[in-house]
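Colleague: Generate a structure from the sequence data that follows.
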Amino acid sequence: MRTMASENEQKVRINVESNYGGGGGNYLQKFRLYETRSNFYMIGRDKNRTYWKVLKISRLEQSELCVTEDPTTYSEIECYDLLKRIHEGNKCTGGLKFVTTCYGIVGFIKFLGPYYMLLITKRRKIGTICGHAVYSIAKSEMIPIPNSTVQSNMAYSKNENRYKKLLRAVDLTKDFFFSYSYHVMLSLQKNLSNHETGLILYETMFVWNEFLTRGIRNQLKNSIWTVALVHGFFKQVKLSVSGRDFDLILIARRSRHYAGTRYLKRGVNEKGRVANDVETEQIVLEDVPEGSPKQISSVVQNRGSIPLFWSQETSKLNIKPDITLSKKDENYEATKLHFENLAKRYGNPIIILNLIKTREKKPRESILRAEFANAIEVINKDLAHENRLKFLHWDLSKYSRNKAASVLAYLVKVAANALDLTGFFYCEVPPSSSQLSCSNNCNSDYPDEDLCNVTKDSHNLNAKNSIEDSDLNKSLCVKPPVFQKGVLRTNCIDCLDRTNVAQYVYGLVALVHQLHALGYLDGPSIDLDSSLADDLMKIYEAMGDTLALQYGGSAAHNKIFSERRGQWKAATQSQEFLRTLQRYYSNAYMDAEKQDAINVFLGHFQPQQGKPALWELDSDHSVGNRGSDFAEEHARSIIKRSLSDGNILSDSNSAMADEKGFEMDNTQRSLPIKIQGSDMDLPETTPEISTCGSDISYTRYTPSMSRRQLFPDSQQEQYLENDGIYFVGRGDSFNCSNFLDVDWLSSSGNSCEEETYERSLLIGSPSVGMSSGEIKVETSSSYQSASGMKEKELASGDLSYASNELGGYSQRFVEWVNYGDMLCP
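Modeller: Prediction:
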């Protein structure tokens with residue numbers, strides 16, 4: 001391990017030296033476009049005007065893209081002389097004419113007629129990372145390449161114009177950003193840990209114009225003329241704590257794989273790609289005078305749709321369409337591929353924070369919650385103990401009925417435990433490091449985002465590591481780097497509103513630790529009422545609104561944030577109602593065309609003469625390379641419709657996840673927490689492990705359908721393999737985790753409150769613990785033992801023990817406890 005640690009430290013130091021001390025970098029960032037009748041000539045230069053390059057694009061080809069790069073590097077005077085000669089040589093056809101100034105090529109695209117060139121004609125600086133400017137697009141232009149004499153009538157056809165309009169619907173001036181000298185599609189840790197540049201970077205999942213630039217990159221074998229566009233969110237602010245300033249950068253990178261709109265892209269596809277897959281990075285940069293060592297830190301988290309085959313059909317009549325759960329992947333192969341991909345990108349552990357509902361009058365989200373939990377269990381059985389997925393199923397909607405402050409406090413506990421497992425990236429660079437230079441002219445042959453997994457076992461490093469190698473002592477880093485290893489993956493049903501709240505809290509916990517590592521704070525204490533927390537909340541709220549508009553069609557529902565700020569309740573309700581209507585309208589009437597535009601931009605649909613147009617297809621699922629197709633008949637044939645509930649339910653063999661047990665690596669716990677329960681079987685009905693002071697609770701079971709009706713093949717008993725699992729009883733289901741004690745998580749305040757009508761039914765008794773509206777049976781140490789007779793009876797589904805303990809109650813009340821029947825006559 002010591003050798004591995006030294007190798008990883010050495011790798012970062014080499015990259016810091018080459019990336020930060022390397023000077024200007026060979027990249028072009030300002031261009032001038034000229035035209036003759038037969039060619040376009042693009043002149044590109046570097047920032048310092050030290051060298052000039054020439055690109056020639058043929059205008060005589062109608063259906064082919066022909067691009068040639070002059071291998072000569074020119075000075076400014078030499079370049080001027082070259083243009084003069086070109087003008088003289090083409091005087092008979094009009095000479096050389098200036099077209100436009102531009103700041104990079106977005107790409108080339110062809111519909112039914114000619115090729116078009118997409119250019120950035122105006123840019124806006126939005127931030128700086130370690131001396132590297134990051135830009136957004138202020139204005140773009142689409143220019144047809146062939147001259148008018150060789151363009152066919154197809155260039156002016158109705159369908160051609162409609163495809164052009166579709167492409168323009170992807171507004172490049174909104175939420176796209178790029179950098180000439182910094183690999184903004186990679187995290188800070190990957191920028192310093194990898195040495196991959198140029199062409200290979202366009203293959204990564206966060207470069208949205210990979211398809212548009214494929215033609216020119218393949219011909220030139222470099223990428224110096226194009227810019228790699230990332231879609232999502234970028235915000236840089238200067239904040240202050242303890243009288244010292246620092247720069248905070250929040251970046252959200254949306255994956256181009258399985259990208260689209262809310263109801264048209266759900267779940268996972270066959271390649272393990274999920275909808276609304278977004279990587280969020282929080283970077284903290286020390287504000288120091290020039291000539292001083294600079295400390296930098298970053299932490300990455302992830303959000304993404306529940307990795308199962310499920311969908312929701314857009315409906316103009318139903319504001320909450322039914323959920324469709326497919327049985328097409330009974331072995332969860334696609335789910336497994338998704339988590340394998342996460343492990344390649346971030347390393348282990350993968351921590352899953354699942355915030356969807358566990359209890360509903362009409363089972364919707366709870367169906368996915370159960371199936372997701374079962375998928376995790378199946379996948380974990382095939383993984384090495386140390387690589388097993390860690391998870392917490394926690395119904396945020398239920399807890400948010402209480403004060404927002406209590407929800408955030410609970411999430412702080414979750415975030416602290418997750419951050420302790422993954423760590424975060426920290427590095428200190430010397431005064432000589434001015435900026436991270438990036439060469440765009442590298443030809444590498446690494447696959448997709450597999451290049452990210454380069455810090456294996458490096459999370460074991462910490463700032464106290466000593467460097468024994470004398471060569472390492474001479475390297476650039478003032479302190480040894482510390483790596484993030486693993487990632488927290490958060491989801492709700494849309495991965496928008498609830499997810500954004502959880503990501504904010506994780507960001508706040510991480511920020512406090514980052515500032516502590518940078519020496520801004522004496523300790524990583526978290527104050528939800530601090531001005532720092534408020535400032536960070538505003539940034540995450542802005543990110544949440546942006547991502548929600550991209551995927552959901554409206555700004556995010558920020559009820560918890562609004563309550564936290566003390567906003568008038570009526571104003572909050574009005575705002576939430578309007579956003580619900582806006583999202584409904586967008587989903588029902590706008591998303592189909594928006595999805596078509598995304599499919600064209602990403603190259604998922606490429607028009608061909610003689611083939612149906614994109615808008616003539618039945619649905620988005622008919623587009624090639626779409627992955628999961630719920631429109632297919634073989635998928636539909638295995639779906640059962642529950643007319644009584646208006647939901648489409650899966651005819652699945654998987655049992656409710658509430659009845660499942662999951663293993664836990666007890667060595668990973670960061671806090672002194674107590675395991676609730678031991679090796680025991682759980683019956684199908686109500687005896688559950690409580691989080692409110694006792695080991696058993698009996699709560700009312702009131703689903704709209706019985707559990708047996710919902711999941712007809714569910715087994716009556718499921719075995720808990722070991723005691724590394726925490727459960728908390730909640731009606732007909734329970735919150736559970738294999739890395740966090742949910743009893744400890746919910747131990748304060750009124751977090752265990754049930755619905756008002758449930759609490760009103762409970763009757764006090766000396767033998768029953770009354771706390772937060774749950775009935776809890778007093779237990780003895782003998783019951784805690786796996787060999788206890790009462791435990792064996794209870795675990796096997798024999799509720800006579802429970803009935804005896806509740807002997808002081810009426811028979812009707814006992815039946816309600818045991819069988820979930822109606823209490824009232």
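
Colleague: how about the strands in the stretch 401-550 of the chain?
Modeller: 425-429, 487-491 (DSSP state E, counting those that start in this stretch).

Colleague: Just list what the last one packs against, helices and strands only.
Modeller: Think strand 487-491. Judged by 3 or more Cβ pairs under 8 Å, 6 or more residues apart in numbering; DSSP states H and E, strand 487-491 is in contact with strand 294-303, helix 333-346, strand 350-354, helix 404-422, helix 497-517. All C-beta atoms are positioned from the backbone trio N, CA, C, and that covers glycine.

Colleague: can I get the CA coordinates of that strand in PDB?
Modeller: What follows is strand 487-491, C-alpha atoms only, in PDB (Å, rounded to 0.1, in the frame of the first residue of the first chain):
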ATOM      1  CA  VAL A 487     -18.900   8.800  -4.700                       C
ATOM      2  CA  LEU A 488     -22.300   9.600  -3.200                       C
ATOM      3  CA  ARG A 489     -25.100   8.900  -5.700                       C
ATOM      4  CA  THR A 490     -28.400  10.600  -4.900                       C
ATOM      5  CA  ASN A 491     -31.700  10.100  -6.500                       C
END
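
Colleague: counting contacts, what elements does the lengthiest strand in the chain pack onto?
Modeller: Ordering each strand of the chain by length in residues (DSSP state E) puts strand 115-129 first. With contacts taken as 3+ Cβ pairs under 8 Å, 6+ apart, strand 115-129 sits against strand 97-102, strand 105-110, strand 132-144, strand 230-241.

Colleague: I'd say Phe206 and His257 touch.
Modeller: No - the criterion here is Cβ atoms under 8 Å, and Phe206 misses it with His257 at 9.5 Å.

Colleague: higher neighbour count, those two?
Modeller: Under the criterion of other Cβ atoms under 10 Å, the comparison of Phe206 against His257 puts Phe206 first, with 25 against 19.

Colleague: still on that earlier bit, what's the mean pLDDT across the longest strand of the chain?
Modeller: On average, the pLDDT along strand 115-129 is 96.

Colleague: With mean pLDDT and distance to Ile43 added, can I get the strands of the stretch 401-550 of the chain in a markdown table?
Modeller: Converted to a markdown table, the strands of the stretch 401-550 of the chain look like this (pLDDT from 0 to 100; distance: least, Cβ to Cβ, whole Å):
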| stretch | mean pLDDT | distance to Ile43 |
| --- | --- | --- |
| strand 425-429 | 91 | 35 |
| strand 487-491 | 96 | 43 |
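
Colleague: Which of these has the highest mean neighbour count?
Modeller: Sort the strands of the stretch 401-550 of the chain by mean neighbour count, taking mean count of other Cβ atoms under 10 Å, and strand 487-491 sits at the top with a mean of 27.

Colleague: So, low pLDDT: which residues of this protein?
Modeller: When residues are selected by pLDDT under 70, those of the chain lie in 1-26, 154-155, 195-198, 316, 402-405, 431-478, 562, 568, 619-734, 742-825.

Colleague: doesn't Val412 make contact with Ser406?
Modeller: No - using Cβ under 8 Å, Ser406 is not in contact with Val412; the gap is 10.6 Å.

Colleague: about what we covered before: output the helices and strands packed on strand 115-129 in TSV, with distance to Ala542 appended to each entry.
Modeller: Formatted as TSV, the helices and strands packed on strand 115-129 follow (distance: least, Cβ to Cβ, whole Å):
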stretch	distance to Ala542
strand 97-102	29
strand 105-110	25
strand 132-144	14
strand 230-241	6
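
Colleague: Highest mean neighbour count out of these?
Modeller: The most buried one of these (mean count of other Cβ under 10 Å) is strand 105-110, showing a mean of 22.

Colleague: which stretch of helix or strand covers Asn276?
Modeller: Using DSSP states H and E, Asn276 maps to neither a helix nor a strand.

Colleague: quick one: the longest strand of the chain to strand 230-241, angle?
Modeller: Here the directions of strand 115-129 and strand 230-241 differ by 10 degrees (axes from the mean of the first three to the mean of the last three Cα atoms, to 10 degrees).

Colleague: Parallel or antiparallel, which strands does strand 115-129 pair with?
Modeller: The pairing partners recorded for strand 115-129 under DSSP bridges are strand 105-110 (antiparallel), strand 132-144 (antiparallel).

Colleague: Fine by me, we can end here.
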